[in-house]
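**Q** Got a sequence here, can you build the structure:
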Amino acid sequence: MNVEQAFGTVIKKYRLELSMSQEKLAFESGLDRTYISLLERGKRRPTINTLFFISQVLGIPPHHIIIDIEKLIQKK
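**A** Numbers count the residues shown, from 1 in each chain. All right, here's what the predicted structure looks like:
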């Protein structure tokens with residue numbers, strides 16, 4: 001699993017735990033819904049700004065997302 005795929009898996013997990021749609025996450029983070037979809041599928045590389053926007057909406061610190069990404073990547 002690469003970084004992009006791990007990022008997508010992690011944000012999708014947190015989004016679904018909140019029963020939040022991609023549309024709501026996109027709207028509240030100021031991003032496009034199709035961009036959220038592409039991120040969740042590992043098709044785009046998020047910027048640090050994107051990480052902060054999304055983590056704020058999800059109500060978790062950005063470093064929690066990074067820690068979860070590291071765990072997924074290390075599972076090789």
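**Q** Just give me the neighbour total for Gly42.
**A** 16 (other Cβ atoms under 10 Å). From N, CA and C alone the C-beta is placed, and that goes for glycine too.
**Q** any idea which helix or strand carries the closest residue to it other than its chain neighbours?
**A** Spatial nearest neighbour of Gly42, excluding adjacent residues (Cβ to Cβ, 6 or more residues apart in numbering): Gln5 at 3.5 Å. Gln5 belongs to helix 3-17 when assigned by DSSP states H and E.
**Q** Not counting that helix itself, show me its contacts.
**A** The contact list for helix 3-17, computed with Cβ atoms under 8 Å, 6 or more residues apart in numbering, reads 1, 22, 25, 36, 39-46, 54, 58, 60, 65, 68-69, 72-73.
**Q** List only those of the residues you listed flagged as buried.
**A** Burial by neighbour count, judged by 16 or more other Cβ atoms under 10 Å, picks out 22, 25, 36, 39-40, 42, 44, 46, 54, 58, 60, 65, 68-69, 72 from the contacts of helix 3-17.
**Q** circling back: which positions in the following helix or strand past the helix holding Gln5 come out as buried?
**A** Next in sequence after helix 3-17, counting helices and strands by DSSP H and E, comes helix 22-29. Buried residues in helix 22-29, counted by 16+ other Cβ under 10 Å: Gln22, Leu25, Ala26, Ser29.
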